[in-house]
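>>> Please work out how this folds:
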Amino acid sequence: MGMRRKGREITLQVLYAIDFPDKITSIDAYDALNYYLEQLDSICLEADIKSTSSVYEFALNLIKNTLLNLDTIDIMIKEQSENWDFSRLALIDKNILRMATYEIVFQRIHPAIIINEAIEIAKKFSTENSGKFINGILDAVYQKAKDNFNE
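Have a look, this model is predicted:
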């Protein structure tokens, strides 16, 4: 498994962990920014990933920047998921969409790469149908943002 894929999987695990624990409301970006390092360190320790590794650094940057842009990212996802109540999306799928939207819109990484990565991660961590759903939402996010995307 490549370094970036592993970093994205760790990112998903951290975003999920800070979105889930005994909270009734969804993730609050301010609280999450104070909590994510603890989760990242815990997950990396368990996976024997050192804080000096490129996987850790990649995940750290992806988590931090996804959280810093969370309000904008969530709005973009909500706009493209008209027939779905955002609060009822599966937490795994929601967090895959969040990190992938960040990479497509803010990092301007080619959407085909990010959408493929998101689908593969969904296959591993979510349901059989999640890949199609995630593909549709991320493609719509990209279509809306592509005027700002330099191909």
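>>> need the contact list for the most centrally placed residue in the chain.
What sits nearest the mean C-alpha location of the chain, by Cα atoms, centre = their mean, is Met99, with 2.2 Å. When contacts are counted by Cβ atoms under 8 Å, 6 or more residues apart in numbering, Met99 touches Arg8, Thr11, Leu12, Leu15, Leu62, Ile63, Thr66, Ala118. In short, each C-beta sits where N, CA and C put it, glycine included.
>>> same question, Lys146
Pro111.
>>> quick one: which helix or strand includes Ile63?
Using DSSP states H and E, the element containing Ile63 is helix 54-68.
>>> Excluding chain neighbours, give the residue nearest to Glu9 in space.
By the measure of Cβ to Cβ, 6 or more residues apart in numbering, the closest residue to Glu9 outside its immediate chain neighbours is Ile121, 6.1 Å from it.
>>> And for Phe58?
Gly7 is the one closest to Phe58 (Cβ to Cβ, 6+ apart), at 3.6 Å.
>>> helix, strand or coil for Glu82?
Secondary structure state of Glu82, per DSSP: H, G, I helix; E, B strand; the rest coil, is coil.
>>> Run a quick neighbour tally on it.
Under the neighbour criterion other Cβ atoms under 10 Å, Glu82 is assigned a count of 7.
>>> could I get stretch 103-117 in CSV with only the CA atoms?
Output of stretch 103-117 as CSV, limited to C-alpha atoms (Å, rounded to 0.1, in the frame of the first residue of the first chain):
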residue,chain,number,x,y,z
GLU,A,103,-8.0,17.4,-1.7
ILE,A,104,-10.0,18.1,-4.8
VAL,A,105,-11.0,21.7,-4.0
PHE,A,106,-8.2,23.0,-1.9
GLN,A,107,-5.2,20.9,-3.0
ARG,A,108,-6.3,20.8,-6.6
ILE,A,109,-5.2,17.2,-6.9
HIS,A,110,-6.7,15.7,-10.0
PRO,A,111,-10.2,14.5,-9.2
ALA,A,112,-9.8,11.1,-10.9
ILE,A,113,-7.0,10.2,-8.5
ILE,A,114,-8.9,11.4,-5.4
ILE,A,115,-12.2,9.9,-6.4
ASN,A,116,-10.5,6.6,-7.1
GLU,A,117,-8.8,6.7,-3.7
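>>> If you average the pLDDT over that stretch, what comes out?
The average pLDDT for stretch 103-117 rounds to 92.
>>> buried sites along it?
In terms of neighbour count (16 or more other Cβ atoms under 10 Å), stretch 103-117 has its buried residues at Glu103, Ile104, Val105, Phe106, Ile109, Pro111, Ile114, Ile115, Glu117.
>>> Many thanks, we can stop here.
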